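Q: only the shape, not the letters, is given here:
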């Protein structure tokens, strides 16, 4: 008779899980060496689970089945060792000896008393003893497990493939749990089926790694009903065990009719199990189908985030990141209509191979179809509808290479403002109607945000052109310094590059040099072009041009980071400059660069109040002011640039 208890349920669940996993692996094509070795591990775990069930249920010879349990552990260690060797292509010359060792120890364990001395089931407690030589015989097997674990953990840390990292992570965790569980057999805790529970938990982790991260490159499409069925079966078995055990307990202490007791126990158990079963179904949804939960959260996050952004690149970056993490899409591309033209430029992409300057014209069949139908264009439609046969050869090749599963229109103000193209999900399954509805909602939110950002960008571009025109107007007002700002900008950028700044930083310094005098637009010609010394009042008005310049450009998002360079372009390194009296490193580096270049220009250019001085005189004057008016490091970099480019000496002129 089977002794049912919670202890027998655990290996029973493991038997089912490992049988399913083994079936999935051996039916997956091709049957590679990795899958073969992993099949050895799964067979061993399946055998271990059967042996554990027979031991704990009291069926047959307990000692024999316990020895079989121990033998299957040895075989599982061999399976993991072989699997890890093939994963990392580290096949050792001594692998054959490992195989012979494992088979020999398994046979000794099963048919002799050299490893397991005794085993008996007393009540629900398993009592056993090991032979003193057991450590010498079995110890090397555990060394193989630790060796394999080290390789897996190291591989997890070193791989750049996120999916591979998750695979190794869950597999490593499963092996650690099994190793710790079996190690407890050599302690007083071994009388409890902790090792069997760890075996079941490891089976769940491996199943999760296969189903969610395609461990062994296995792709399985499983309907959610199957998981619900498994959950129902597990709950049913637990329900039966609890009722049978409680009935047995009541029979010993009461003479109440068994029918009444059964009814009461069944009712109480159902009341207790109903919320547990509901939570189990919810857990299945969250673990295996979490997109349904995360999708709603993603829409909430994006709704709040994109509504406050006016930067197209940031908006598309955030959406790509959210789609990649929530729906697990590897290939994503945004095509945006720019500057009221009828072309849709490839603006941002992830994981795709589309040409960086790719454009979809208004007469492109994809654009025409999305503009007309205003609904998702699926891969099936793209491949079968007659309209798409008119695609040009090159254009068709590029789109087919992208392997888009869906083309989603971005509609704002009754107009197609962009296209979101997404590839397959990592699970490889088609997008469900729910997911397409969620993506349509996302597209509607995105379209409004993109249209607002695009209009703002156009407004900023117009503003930038106006500012640049103002800067040019300032140069034109003074015939002595015509083209002065352009030359300052170029030389400042060269100096920034000499200092090792990034190209983005060099670009910022260039714009700072170009616009450093823009505040002079408000200075009267009587002061700006005065041939003699300025009065104190006139000097104050002239010095205010740095503040005015920063105020003019700071509202422009694309130039706001340049405003500090303009404001501080007349600060001195010793803190005696204007307008804020900043000192040393307090002065932005871009402003320190512009200060040096502007001073060289002031010395070597003709001005209304004096003639130009020579390059040598200018260098001597700059070096005299090194460390007081100018940053020595910046000055030396500037001088190196001048020496390398003699054509830039003796005045920064038109």
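A: Everything's here; your move. What you see is a predicted model, and the numbers here were worked out from it, not measured in a lab.

Q: so for the longest helix belonging to the chain, mean pLDDT?
A: Secondary structure of the chain per DSSP state H: the longest helix is helix 433-477. Averaged across helix 433-477, pLDDT comes to 79.

Q: now do residue 508 against residue 561, distance only.
A: With distances taken as CB to CB, to the nearest Å, residue 508 is found 6 Å from residue 561. Every C-beta, even on glycine, is put in place using the N, C-alpha and C of the backbone.

Q: and what of residue 639?
A: Applying CB to CB, the value for residue 639 to residue 561 is 27 Å.

Q: related to what we said a few turns ago, what is the longest helix of the chain packed up against?
A: For helix 433-477, the elements it packs on are helix 291-306, helix 312-326, strand 332-337, strand 406-412, strand 415-422, helix 484-498, helix 503-515, helix 545-553, judged by 3 or more CB pairs under 8 Å, 6 or more residues apart in numbering; DSSP states H and E.

Q: now those as a markdown table including mean neighbour count, distance to residue 180 and mean pLDDT?
A: As requested, those are exported to a markdown table (neighbours: other CB atoms under 10 Å; distance: least, CB to CB, whole Å; pLDDT from 0 to 100):
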| stretch | mean neighbour count | distance to residue 180 | mean pLDDT |
| --- | --- | --- | --- |
| helix 291-306 | 16 | 32 | 65 |
| helix 312-326 | 18 | 31 | 83 |
| strand 332-337 | 24 | 41 | 89 |
| strand 406-412 | 22 | 45 | 91 |
| strand 415-422 | 22 | 42 | 90 |
| helix 484-498 | 23 | 57 | 89 |
| helix 503-515 | 21 | 50 | 91 |
| helix 545-553 | 22 | 63 | 91 |
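
Q: may I see these organised as JSON lines, with distance to residue 98 added?
A: Below are the helices and strands packed on helix 433-477 laid out as JSON lines (distance: least, CB to CB, whole Å):
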{"stretch": "helix 291-306", "distance to residue 98": "42"}
{"stretch": "helix 312-326", "distance to residue 98": "41"}
{"stretch": "strand 332-337", "distance to residue 98": "45"}
{"stretch": "strand 406-412", "distance to residue 98": "49"}
{"stretch": "strand 415-422", "distance to residue 98": "46"}
{"stretch": "helix 484-498", "distance to residue 98": "59"}
{"stretch": "helix 503-515", "distance to residue 98": "54"}
{"stretch": "helix 545-553", "distance to residue 98": "71"}
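
Q: nearest to residue 539, out of these?
A: Of all those, it is helix 545-553 that lies closest to residue 539, at 11.2 Å by CB to CB.

Q: count of neighbours near residue 98?
A: Here the number of neighbours of residue 98 (other CB atoms under 10 Å) works out to 18.

Q: contacting residues around the residue lying closest to it once chain neighbours are set aside?
A: Residue nearest to residue 98 in three dimensions, not counting chain neighbours: residue 81, with 6.1 Å by CB to CB, 6 or more residues apart in numbering. Going by CB atoms under 8 Å, 6 or more residues apart in numbering, residue 81 touches 95, 98, 144, 145, 147, 148.

Q: can you do 7 Å?
A: Listed by CB atoms under 7 Å, 6 or more residues apart in numbering, the contact partners of residue 81 are 98, 144, 148.

Q: which residues in this structure form strands?
A: 116-122, 125-130, 332-337, 344-350, 359-360, 377-378, 406-412, 415-422 (DSSP state E).

Q: can you redo the ones you listed as a markdown table with distance to residue 301?
A: Formatted as a markdown table, these follow (distance: least, CB to CB, whole Å):
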| stretch | distance to residue 301 |
| --- | --- |
| strand 116-122 | 55 |
| strand 125-130 | 51 |
| strand 332-337 | 17 |
| strand 344-350 | 18 |
| strand 359-360 | 29 |
| strand 377-378 | 26 |
| strand 406-412 | 18 |
| strand 415-422 | 17 |
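
Q: tell me which of these sits nearest to residue 18.
A: Closest among those, using CB to CB: strand 125-130, at 20.8 Å.

Q: what about the closest residue to residue 342 other than its chain neighbours, how many residues nearby?
A: Nearest non-adjacent residue to residue 342, counting by CB to CB, 6+ apart: residue 362, 3.6 Å away. The number of residues packed near residue 362 is 13, by other CB under 10 Å.

Q: now residue 362: phi and psi?
A: With angles defined as degrees, to the nearest 10, residue 362 sits at phi -60, psi -30.

Q: now the residue nearest to residue 98: how far from residue 168?
A: Distance of residue 81 to residue 168, given as CB to CB: 16 Å.

Q: what of residue 614?
A: 69 Å.

Q: who has more neighbours, these two?
A: Higher neighbour count among residue 614 and residue 168: residue 168, with 25 against 13, using other CB under 10 Å.

Q: that one reaches residue 158, doesn't it?
A: No: contact criterion CB atoms under 7 Å: residue 168 and residue 158 do not qualify, at 9.7 Å.

Q: for the closest residue to residue 55 other than its chain neighbours, list the residues it contacts.
A: Nearest-residue entry for residue 55: residue 65, 4.7 Å, with adjacent residues in sequence omitted and distances by CB to CB, 6+ apart. Residues near residue 65 by CB under 7 Å, 6+ apart: 51, 54, 55.

Q: among those, which lie within helices?
A: Using DSSP H, the subset of those located in helices is 51, 54, 55.

Q: what's the spacing between the last one and residue 582?
A: Spelled out, it's residue 55. Residue 55 is 80 Å from residue 582, where distance means CB to CB.

Q: who's more crowded, those two?
A: Taking neighbours as other CB under 10 Å, residue 55 and residue 582 compare with residue 55 leading, 29 against 20.

Q: skip the chain neighbours and tell me the closest residue to residue 107.
A: Excluding its sequence neighbours, the residue lying closest to residue 107 (CB to CB, 6+ apart) is residue 71, at 7.7 Å.

Q: what is the neighbour count of the one you found?
A: Neighbours of residue 71 (other CB under 10 Å): 25.
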